[in-house]
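In: Below are the sequence and a predicted model for it; my questions follow.
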Amino acid sequence: MSVAEKTDAYILAAERVSKSFGEVAVLFSVSFELRKGEVHALIGENGAGKSTLMKILSGLHTATSGTIKLDGEEIVLPPYGQSESLGIVLIHQELNLAEQMTVEENIFLGREDTSKGFLNRKTMIAKVQEYLDILGLDISPNDRIRDLSIAQKQMVEIVKAMSRDARVLIMDEPTAVLTEAETELFFKQVERLKQSGVAIIFSSHKLSEVKKIADRVTIMRDGQWIATKKTEDLTLDAMAQLMVGRELSKLYPPKNEVDVDAEIVLEVKNLNADSIDNISFKLKKGEILGFSGLVGSGRTAVFEAICGLLRIESGEVYLNGKPSQFTSVAQARDAGLVYLTKDRKENGLLLTQKMQPNLTLLALPKFVKNMTIDKRAEKIAMARGVRRFDIRARDPNVIVGDMSGGNQQKLLLAKIMESNPKIVIIDEPTRGIDVGTKQQIYNFIAALAADGMSVVVISSEMPEIIGICHRVAVMYRGKITGVLNGTEINESEIVRYAAGLREIQQNG
Amino acid sequence: MKLLKLLSVLALGTAIALPSTAMAAEKIKIGVSYPTPTHAWAAGMNWHAEQAEIRLEALYPDIDLILVNSSNPSDQASAIEDLVSVNKIDALVILPIESEPLTQPVANVKKSGVLITVVDRGLSRTGIEDIYVAGNNPELGIISAKYMMSRLSSGDNIVILRGIPTTIDNERFDAFMAEIEGSGINVLDQKHANWNRDDGFEVMQDFLSRFPDIDAVWAQDDDIAIGVVAALKQAGRDGDGMFVVGGAGMKETIKGIIDGNTLVPIDVLYPPSMIATAMDVTVAAFKSNGPVAGRYILGATLITQENAASFYFPDSPF
Amino acid sequence: MVEDNVNVAESRAVHKWLRKFDLKTMGPAIALIILCIIGYSLNTAFLSDGNITNLLTRSAFIGIIAVGATFVITAGGIDLSVGSMAAVISGLMIMIMNNALETFGTGITTVLIGCGCSIILGVGAGWVNGFLTTKGKIEAFIVTLGTMGIYRSLVTYFADGGTLSLDFDLRDTYGPIYYGSFLGLPIPVWVFIAVSILGWILLNRTLFGRYCTAIGSNESVAKYSAINVDRIKTYTYIIQGLCVAMATIIYVPRLGSASASTGVLWELEAIAAVIIGGTVLKGGYGRIVGTILGALILTTIGNILNFTDLISNYLNGTMQGLIIIVAVWLQRADWKKGSNK
């Protein structure tokens, strides 16, 4: 790729930038160009250096070497987000909004329109309304951020960027937490922004989305630039292969059929709780049972109720044939039933602590010897967990919050497995992690089932449900509308049940 | 026991609350406002005020005394406003928690034609009060200093433990220092012990570590003196003619003086009963045929073994 | 570029040096040593046996209470009621002992009854705080602000606004708990040492301590990790109450009295000791050793101020405030250069 050609067409460019933190180099002589009015996707596994490159392009990080050009001119971007004044806006993966304030207050935060020291609320509200209308958003400037969905919050960030007259919009995994419908809406906004001449860089793990929306794609691996290509020249497989650097012929491991006579380890009959309605299903030993459905259809609530996190109103739960209603997570754990949360930052891991206390937290009573915690046993467990789940940390004393999403997810899996469960419920097993790690996690799940463990996988990503599950239960508005087997497990069938278009009257 | 008492207080409270609205209008109403009893001296004052209320109301059936206590200046300002607007008082007896913030509120009460008696702490503007009743802070310092000089000679060493940094403390301290000037008595150091036993104990411990030769301690206050005595006993330095001078007139201290305690042989009076004196004078303003308005300064009497019995109130909490 | 590399190398060397002397953990110890040097240079009597003993004994009250506060704060709570709690327990203990006197005489039995009641009261008061914060779902700040006022006014009420005094004959039996010593160290110091060691083991070596840290870091993660959050939080308040009771047991024999001014502002001193020691105020990280050093620092400041007349009495508060802020600043400031993100 020749950097010199058609420089004038590039609005923002990085030339041979490198970056190291202390002694650790994370970016090696990467070049990148952004054309006016293009949507440019940045893909790569976790730790490939996408976030670092984005931060350098927005001035949040300074490159250790190399140059940045804006409109063809060499420039040193000002730090601390001041490059917003140059029209470069970065939207973080963790949204930066004041939860208790309104949409309008957030959008004008730090540059409020005032006269004589008083806020011109009416003017500001009118302006925000104007932007919201342009993007076709159904929220009011007076809504409080805490009352909005994640997708809406993302839109607010985009409005904020627009109101700052952004010419370059950089988004780190904007769709990671969005549902499919929300993603659709989000892409519409992106299309409109592009039409108005804004150049957009975004990173994503969802390659199909990249294929759909991006004009060009830059692939990175291990801190190095691998390729920049037009999207139409790349297939999904090609993208994945470039990212991982190896053949990814099989993302999903082969399915081992469940023994027909396998005992039933979990049976739920007519379970009712807040937002779930008359749920019944069975789980066999060694089975991977998928739970599909739209976000908010009650999938998570079913298992929170079973695991003692949500109060059961009525119904029965049998574990290995014994009636078992758990009122605490500890009871469920002791009975061999554990739940791996979909929200690893809020409910899964202590982000301010190191790996070891996180790993052993769920199974901690197991590590008690003479009334105190056996630190040696903990250390052995840590080494085992790292080996078994291939957790790659720069330093064993790293703070968990500083680890990549993929490694966090592996740590969370290791944590859950420390309690030696018989049944594992994994909610969104691969949310926000890269293809390579995804494949590993699918292999772990398959291996667990092959070892005789029963696994429930709750997921919004249909391909993975189809790819790894023996059976799939589909939910719609708090009810199980269908349980699919064998060849029935395909996208169109699942969608029909998930949209409530079809329902099978099942009797346990 | 305490619970019973609490219940009876509650019952009494409701019993009083009901008829108070329909109280006969011809009674002479006198509001009495003073700080919430959160330390022993104030508790003593509260006790004396309650005693005086019972005694005066029994003596004069047409006198109604209303006792109110407040925990800070702004509460006190609201309390006296309520006394005027709700209770329609004819006279106000007030011990201001602080002078400055209460001057204007009291002046407002005065404007509505109420007789004003100020106790202990003067207002920051003169001419508002009709009657002023107070202990004598400089006098307390002077009497203490005179006693020290009568027992010590030139070259002897003393340490001083002061109260909470306030005007009262400064008046006592300055008068004391002025009085001993030229006597040759060395003041090794002076620290604030906040009229508090624990602080008295700790400050005295440190003085004892620091100064090998101390002949006497001016603790200024009986609570501080209790801490000082404990520290002296702990260090085994309570013999050799060492003595401690406190102040105020706590019943335990006075009992000790009666019993001939040599470590705390005297006390200097700063009587919490001054509130009762003020109430008597205020009632007299309505009942006496002689002139009553004016300033009543109570002497800071030196309490010795001879006169101690007349200052001993075993039932008072102080 | 070359110069840059030199700078980088230099800053790396500094970085390594700083890492060795990790100010975040060594800070309180260094601050205490500096204070001692200042104290000694002002007056050599500062390091005399008598003064060191006084200092340690005095630290015991705040120190023992602060060990309890370390658990509460590590688990993300706060207890503002400890000072008032100490006052009301002292008061009740004195009343109980004065009453028990008639039946059990002035012997050790009466004192033991008093101590037993003190522990029961402490545990009870802690449980009330814990119950209201967990089951009542009220913020700890509000609950303990409420109980702070209640306990303070109760002691005032029990004492009729004045002072509750322990019977003089009992003081001779009970006195040695404060004034006596064992192997050259006063009893309160032994109690302080025992509470500290138990506290350290509990926080750093047991399930309970780990759970406190987890809850303080993220309550939700703790809940999903099979931790009974409410129970553990309640236990932290009970431990706090127990520590207050222990402190009270060694406080009462000192002056044999309790009044409304007993234990005023102890809660703030205890919290200050905990924070100076490096525990994080919003929870998730606690250090018992730091807390102990924090308590020693606070008492030493007061002691040094009594040892000098260089500073106006009126500025005592200023000196204490400055030293607290500097001590915490030493730990918090980003000393590790080059780790800027």
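Out: Yep, it's here.

In: in the sheet, who's paired with the spatially closest residue to B:Ser33 that is not a sequence neighbour?
Out: Excluding the flanking residues, the one nearest B:Ser33 by CB to CB, 6 or more residues apart in numbering or on different chains is B:Ile94, at 4.6 Å. Quick note: C-beta positions are derived from backbone N, CA and C, even for glycine. Bridge pairing for B:Ile94 (DSSP bridges) gives the partners B:Ser33, B:Val118.

In: Which residues are in contact with B:Ile94?
Out: B:31-34, B:76, B:80, B:102, B:106, B:116-119 (CB atoms under 8 Å, 6 or more residues apart in numbering or on different chains).

In: Kindly report the same for B:Gly141.
Out: Contacts for B:Gly141 were tallied using CB under 8 Å, 6+ apart; they are B:171-177, B:179.

In: ok so A:Val17 is a strand residue?
Out: Yes - according to DSSP: H, G, I helix; E, B strand; the rest coil, A:Val17 belongs to a strand.

In: Quick check: it touching A:His61?
Out: No - the criterion here is CB atoms under 8 Å, and A:Val17 misses it with A:His61 at 9.6 Å.

In: quick revisit: what pLDDT does the model give the residue nearest to B:Ser33?
Out: According to the prediction, B:Ile94 has pLDDT 92.

In: Please identify the helix or strand for A:Met106.
Out: No Met there; residue A:106 is Asn. Using DSSP states H and E, A:Asn106 maps to helix A:103-107.

In: Distance from the chain centre to that helix, please.
Out: Helix A:103-107 sits 26 Å away from the centroid of its parent chain (CA atoms, centre = their mean, to the nearest Å).

In: how about low-confidence regions in chain C?
Out: C:1-24, C:333-341 (pLDDT under 70).

In: can you do 80?
Out: Along chain C, segments meeting pLDDT under 80 span C:1-26, C:161-162, C:310-313, C:316, C:327, C:330-341.

In: what does the stretch 151-300 of chain B give?
Out: Residues of the stretch 151-300 of chain B meeting the criterion pLDDT under 80: B:166-167, B:240.

In: Up against chain A, what does it have?
Out: Taking CB under 8 Å from any CB of the partner chain, no part of the stretch 151-300 of chain B reaches chain A.

In: show me where the stretch 151-300 of chain B has helices.
Out: B:167-180, B:197-210, B:222-235, B:251-258, B:274-287 (DSSP state H, counting those that start in this stretch).

In: got the residues of chain B near chain C?
Out: B:2, B:6, B:37-40, B:42-44, B:46-47, B:162, B:165, B:189-192, B:196-198, B:201-203, B:205-210, B:223, B:226-227, B:230, B:234-235, B:252, B:317-318.

In: domains for chain B, by residue range?
Out: Here the domain parsing of chain B from automatic domain parsing is B:9-134+B:272-287, B:137-268.

In: what's the most buried one of the ones you listed?
Out: domain B:137-268 (a mean of 20; mean count of other CB atoms under 10 Å in any protein chain shown).

In: In space, what's closest to the residue nearest the centre of chain B - neighbours in sequence excluded?
Out: Central residue of chain B (CA atoms, centre = their mean): B:Pro272, 4.0 Å from the mean position. Distances taken as CB to CB, 6+ apart place B:Gly44 nearest to B:Pro272, at 3.5 Å, with adjacent residues excluded.

In: Please apply the same query to B:Met149.
Out: Sequence neighbours aside, B:Ser183 is the residue nearest to B:Met149 in space, at 5.1 Å (criterion: CB to CB, 6+ apart).

In: For the one you found, give me its contacts.
Out: Contacts of B:Ser183 (CB under 8 Å, 6+ apart): B:149, B:152, B:154.

In: Dump the helices of the stretch 151-300 of chain B into JSON lines; add distance to A:Phe28 as well.
Out: Listed next are the helices of the stretch 151-300 of chain B as JSON lines, based on distance: least, CB to CB, whole Å:
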{"stretch": "helix B:167-180", "distance to A:Phe28": "72"}
{"stretch": "helix B:197-210", "distance to A:Phe28": "64"}
{"stretch": "helix B:222-235", "distance to A:Phe28": "71"}
{"stretch": "helix B:251-258", "distance to A:Phe28": "83"}
{"stretch": "helix B:274-287", "distance to A:Phe28": "85"}
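
In: wait, which of those is closest to C:Leu305?
Out: Ranking these by distance to C:Leu305, with CB to CB as the measure, places helix B:197-210 first at 8.9 Å.

In: thinking again about what came up before, angles on the backbone of the residue nearest to the centre of chain B, please.
Out: Per-residue torsions, B:Pro272: phi -70, psi -10 (degrees, to the nearest 10).

In: That one and chain C, how far apart?
Out: Distance from B:Pro272 to chain C, counting by CB to the nearest CB, to the nearest Å: 10 Å.

In: Run through the residues of chain C sitting next to chain B.
Out: Counting by CB under 8 Å from any CB, the residues of chain C near chain B are C:43, C:45-46, C:48, C:50-51, C:54, C:58, C:156-163, C:165, C:179, C:254-255, C:257, C:259-262, C:302-303, C:305-307, C:309, C:313-314, C:316.

In: so A:Met124 makes contact with A:Glu112?
Out: Yes - using CB under 8 Å, A:Met124 is in contact with A:Glu112, at 7.1 Å.

In: More neighbours: these two, which one.
Out: A:Met124 (19 against 14; other CB atoms under 10 Å in any protein chain shown).

In: That one in helix, strand or coil?
Out: The local conformation at A:Met124, judged by three-state DSSP, is helix.

In: swap in A:Ala227?
Out: Assignment for A:Ala227 (three-state DSSP): strand.

In: beta partners of it?
Out: A:Ala227 has the following beta-bridge partners by DSSP bridges: A:Ile219.

In: So it versus chain C, what's the distance?
Out: 29 Å.

In: Tell me who's in contact with that residue.
Out: By CB under 8 Å, 6+ apart, the residues touching A:Ala227 are A:218-219, A:242.

In: okay, it: pLDDT?
Out: So, for A:Ala227, pLDDT stands at 89.

In: repeat for A:Lys379
Out: pLDDT, A:Lys379: 93.

In: Pretty sure it sits in a helix.
Out: Yes - judged by three-state DSSP, A:Lys379 forms part of a helix.

In: on that earlier part again, among the residues of chain C next to chain B, which lie within strands?
Out: Judged by DSSP state E, strands contain the following of the residues of chain C next to chain B: C:163, C:165, C:257, C:259.

In: Apart from its neighbours in sequence, what residue is nearest B:Thr304?
Out: In space, B:Thr304 is closest to B:Ile266, 5.3 Å off (CB to CB, 6+ apart).

In: ugh, typo on my part, it should be A:Val424
Out: Leaving aside its sequence neighbours, A:Val424 sits nearest to A:Val455 (CB to CB, 6+ apart; 5.2 Å).

In: what number of residues lie near that neighbour?
Out: Counted with other CB under 10 Å, the neighbours of A:Val455 add up to 25.

In: Return the residues in contact with it.
Out: Applying CB under 8 Å, 6+ apart to A:Val455 gives the contacts A:287-289, A:423-426, A:445, A:448-449.

In: With C:Gly50 instead?
Out: C:Gly50 makes contact with B:208-209, B:235, according to CB under 8 Å, 6+ apart.

In: 10 Å - rerun?
Out: Neighbour list for C:Gly50: B:205, B:208-209, B:234-235 [criterion: CB atoms under 10 Å, 6 or more residues apart in numbering or on different chains].

In: what do you get for C:Lys137?
Out: Counting by CB under 10 Å, 6+ apart, C:Lys137 makes contact with C:143, C:230.
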